[in-house]
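Student: For reference, the sequence and a predicted model appear below.
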Amino acid sequence: MSVTVIGSANADLVVDVERRPLAGETVMGSDLRVVPGGKGANQAVAAALMGATTRFYGCVGSDPNGRLLCDSMASAGVDISAVEQVDVATGTAMIQVTGDGENSIVVSPGANRLVDAAYLDRHPEWTSAALVVMQHEVPLDTLKYAAVRCRELGVRFVLNAAPAAAIDPQVLASCDPLVVNETEAALVSGSAAQGLEPRELAELLIERGARSVVVTLGEQGSIALDPNEGLLQQAAMKVHAVDTTGAGDAFVGSLAATLAAGGSLAEALAFGTRVSALVVQRPGAQTSYPSRDEVGD
Ligand code: RIB
């Protein structure tokens, strides 16, 4: 069964730093690395590497960064035939990575802004997949358009609400699952979320209309709430992280591949956890993604 990913493609401009600069401060970092990223492209690459027939819908500029993104996705097996080259620079992400593997990211959307409803209408076959995956790095109007269309057509819709932003109720009602970290879950849930435990946050999001919810908890693993499978808890794997960039995207892409293949949410959580544990042990986003064989059975 196939996966459609609609989303961003960014060239990641990565510098290792000992510590992040304070406001008004300059710090020296490592040499610059320019590597393929973007939450949408990352999730598409992960889904394809994990065995799903995957097509990516997005826009890049007619520039070397656009070529970098297309080459990376194509070599992972992603179908990029719907990618449009536009007259705007490819999206970029300025990323600082500290010694503990944590990152800070600023995204300049560039061509990702042109992933709009008109773009999807030029590629009407996007609805033919078993499952559609989106994130928050393309215009939120596009997200709403796609989410509503998926619900009308009975196409399973997975939303990774990153970066954090409020979610339209019509979008929330399509999510199966909504995948969020604790910060994103709290922002999506609004003031009612203050002081809630992850399980309570998931319950609140289901009450608000989500069909199922996954809350990722970093080193604490993840939980999920699904009307059919109940409350699921998945422990994280203990590994030494060198760069967490793109680990969440690898989790979402692997989860989507598992669900598209008919797996349960519990199986998808377990598999996504194994994949992201490998990813954090290597630098970069797509450059750190394992093959299906490396993940094992
Ligand atoms: O989730 C990681 C990604 O966020 C990076 O690859 C960067 O491009 C930003 O989109």
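Tutor: Thanks, I have it. It should be emphasised that the depicted structure is a prediction, and the values quoted were computed from it without experimental measurement.

Student: residue ranges of the helices in the stretch 51-200 of the chain, please?
Tutor: With helices called from DSSP state H, counting those that start in this stretch, the stretch 51-200 of the chain shows them at 64-76, 117-122, 140-153, 169-172, 182-189, 198-207.

Student: Quickly, which of these bottoms out on average pLDDT?
Tutor: The weakest mean pLDDT among the helices of the stretch 51-200 of the chain belongs to helix 182-189, with a mean of 85.

Student: Measure how that one sits relative to helix 198-207, angle-wise.
Tutor: Angle between the axes of helix 182-189 and helix 198-207 is 30 degrees (criterion: axes from the mean of the first three to the mean of the last three C-alpha atoms, to 10 degrees).

Student: buried set for helix 182-189?
Tutor: E182, E184, A185, A186, L187, V188, S189 (16 or more other C-beta atoms under 10 Å). Backbone N, C-alpha and C define where each C-beta goes, glycine included.

Student: Which of these sits closest to N42?
Tutor: Closest approach between the buried residues of helix 182-189 and N42, by C-beta to C-beta: E184, at 16.4 Å.

Student: residues contacting the residue nearest to the closest one when sequence neighbours are not counted?
Tutor: Distances taken as C-beta to C-beta, 6 or more residues apart in numbering put A164 closest to E184, at 4.2 Å, once the chain neighbours are dropped. Each residue near A164 by C-beta atoms under 8 Å, 6 or more residues apart in numbering is listed here: H136, V180, T183, E184, L187, V188.

Student: want to throw the buried residues of helix 182-189 into CSV with distance to Q286?
Tutor: What follows is the buried residues of helix 182-189, written out as CSV (distance: C-beta to C-beta, whole Å):
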residue, distance to Q286
E182, 25
E184, 22
A185, 26
A186, 29
L187, 27
V188, 27
S189, 31
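
Student: mind putting those residues in a markdown table, distance to the ligand included?
Tutor: Below are those laid out as a markdown table (distance: C-beta to the nearest ligand atom, whole Å):
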| residue | distance to the ligand |
| --- | --- |
| E182 | 16 |
| E184 | 12 |
| A185 | 17 |
| A186 | 19 |
| L187 | 17 |
| V188 | 17 |
| S189 | 22 |
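
Student: quick one: which of those is nearest G77?
Tutor: Taking the buried residues of helix 182-189 together and measuring to G77 by C-beta to C-beta, the closest member is E184, at 28.9 Å.

Student: what sits up against the worst-scoring helix or strand of the chain on mean pLDDT?
Tutor: Here the helix or strand of the chain ranked lowest by mean pLDDT, DSSP states H and E is helix 182-189, holding a mean of 85. With C-beta under 8 Å, 6+ apart as the contact definition, helix 182-189 has outside contacts at 161-167, 172, 178, 180, 193-194, 196, 198, 201-202, 204-205, 208, 213, 215-217.

Student: Enumerate the residues of the stretch 51-200 of the chain near the ligand.
Tutor: A93, I105, V107, E137 (C-beta under 6 Å from any ligand atom).

Student: nearest to D249, of the buried residues of helix 182-189?
Tutor: Nearest to D249 among these, with distances taken as C-beta to C-beta, is E184, at 13.6 Å.

Student: OK, contacts around S81?
Tutor: Here S81 is in contact with R55 (C-beta under 8 Å, 6+ apart).

Student: Then T142?
Tutor: I6, V115, D116, A117, Y119, L120.

Student: Over to F157?
Tutor: L131, V132, M134, A146, A147, C150, R151, S174, C175, D176.

Student: Any chance of those residues in JSON lines with neighbour count as columns?
Tutor: Formatted as JSON lines, those follow (neighbours: other C-beta atoms under 10 Å):
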{"residue": "L131", "neighbour count": "23"}
{"residue": "V132", "neighbour count": "25"}
{"residue": "M134", "neighbour count": "29"}
{"residue": "A146", "neighbour count": "26"}
{"residue": "A147", "neighbour count": "23"}
{"residue": "C150", "neighbour count": "24"}
{"residue": "R151", "neighbour count": "18"}
{"residue": "S174", "neighbour count": "28"}
{"residue": "C175", "neighbour count": "28"}
{"residue": "D176", "neighbour count": "21"}
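
Student: And the helix or strand hosting F251, what does it pack against?
Tutor: Assigned by DSSP states H and E, F251 belongs to helix 247-260. If contacts are counted by 3 or more C-beta pairs under 8 Å, 6 or more residues apart in numbering; DSSP states H and E, helix 247-260 sits against strand 2-6, helix 39-49, strand 131-134, strand 156-160, strand 175-181, strand 213-216, helix 265-279.
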